[in-house]
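Visitor: here's a sequence, model it:
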Amino acid sequence: MSHPRATLTMLLVTFLWSIAGVVTRHLDSAAAFEVTFWRSASNAVALVLLLSWLQGPAALWHGLRHGGAVLWASGACWTVMFTAFMVALTMTSVAHVLITMALAPLFTALMARALLGQRLPARTWWAIAVAGVGITGMFAHEVLKGRPQDLWGMAVALTVPMAGATMWTLLQHHAKGQGATVAGAPTADMTSAVLIGAVASALLTLPLAVPLSASAHDIGLLAFLGVAQLAIPCVLAVKAGKVLKAPEAALLGLLEVIMGVAWTWWGANENPSLPVLLGGGLVLLALASNEIIALRNTRSAGTAAV
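Guide: Residues are numbered from 1 along each chain as shown. All right, here's what the predicted structure looks like:
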């Protein structure tokens, strides 16, 4: 895949990821755990078909059987992300959920610093501080409003970037231990780990979703999300990630927040409050500045090497 095609692919991935909120707002009656069950189950079925087609059934099952502890630990992280994301969407606004989830790159940097000993540049510490102010302002606003449901929703959403940071740290540690490149080893594990996470999420939420009462309309929308918003973009993101630098992928990924909030404003009449917009703006500004500087430094180093 060429670099321009990888960029366009990641834009498509971000667009598909961003539709979860607005589609969820058009459900009739499905409750939180049933929403998660149908989305994860359809995602698992679609991934089995997609990965069997791309890798071959024998290679897929061999990778699952012999993937090792890191693969299954990564699958556990995906389980948390799949489950917590949909539950959070049923508890609070899309803007609250997406802005909270956008902290993933900073959590990853902090965890890599604590567990892998990776040094963080000053710009990342500043980004963490500014983003922290933004998130704190959002939480403080909900406390003053006296809406515990939104606070709980944001708290649930906070587990998504924490699980994502854990997953990437595990993969980086595994890659270092195997003597492989950090870019190479995670890609080999990622799609199978996503499948493990989808299956585990469906199995864990099924007992909590019984008795299943979702309408055919709701099941159709959730199956659409499982295929078009998860399975397909996850596979495409792995392919694009082989070409794009980490800062590039992170910058493009931030578009999910902007598009997701815009979708729900346009398609579900969900207007974020001014404190949410201000806090979210601080978070996005901190993240974007950090990744732009990182990308510029990477390109400068590449030019100097040539």
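
Visitor: quick one, what contacts Ser273?
Guide: Residues in contact with Ser273 (C-beta atoms under 8 Å, 6 or more residues apart in numbering) are His141. C-beta coordinates here come from the backbone N, C-alpha and C atoms, glycine included.

Visitor: one more: Ala73?
Guide: Ala73 touches 167, 170, counting by C-beta under 8 Å, 6+ apart.

Visitor: and it, how far from Gly197?
Guide: According to C-beta to C-beta, to the nearest Å, Ala73 and Gly197 sit 11 Å apart.

Visitor: likewise for Ala44?
Guide: The value you get for Ala44 to Gly197, if C-beta to C-beta is used, is 9 Å.

Visitor: more neighbours: which of the two?
Guide: More crowded of Ala44 and Gly197, by other C-beta atoms under 10 Å: Gly197, with 28 against 24.

Visitor: quick one: the more buried one and Leu71 touch, right?
Guide: No: Gly197 is not in contact with Leu71 according to C-beta atoms under 8 Å; the separation is 10.8 Å.

Visitor: give me the buried positions along stretch 149-158.
Guide: Neighbour-count burial for stretch 149-158 flags 150-151, 153-158 (criterion: 16 or more other C-beta atoms under 10 Å).

Visitor: hang on, Thr7 packs against Lys245?
Guide: No: taking C-beta under 8 Å as the definition, Thr7 is not a contact partner of Lys245, at 10.9 Å.

Visitor: any low-confidence regions in this protein?
Guide: 142-144, 146, 174-190, 246-247, 298-306 (pLDDT under 70).

Visitor: show me where it has helices.
Guide: 3-17, 20-24, 32-55, 57-65, 68-89, 94-101, 104-116, 122-145, 148-178, 184-209, 216-224, 232-241, 246-267, 274-305 (DSSP state H).

Visitor: burial-wise, tell me which of these comes out on top.
Guide: helix 94-101 (a mean of 26; mean count of other C-beta atoms under 10 Å).
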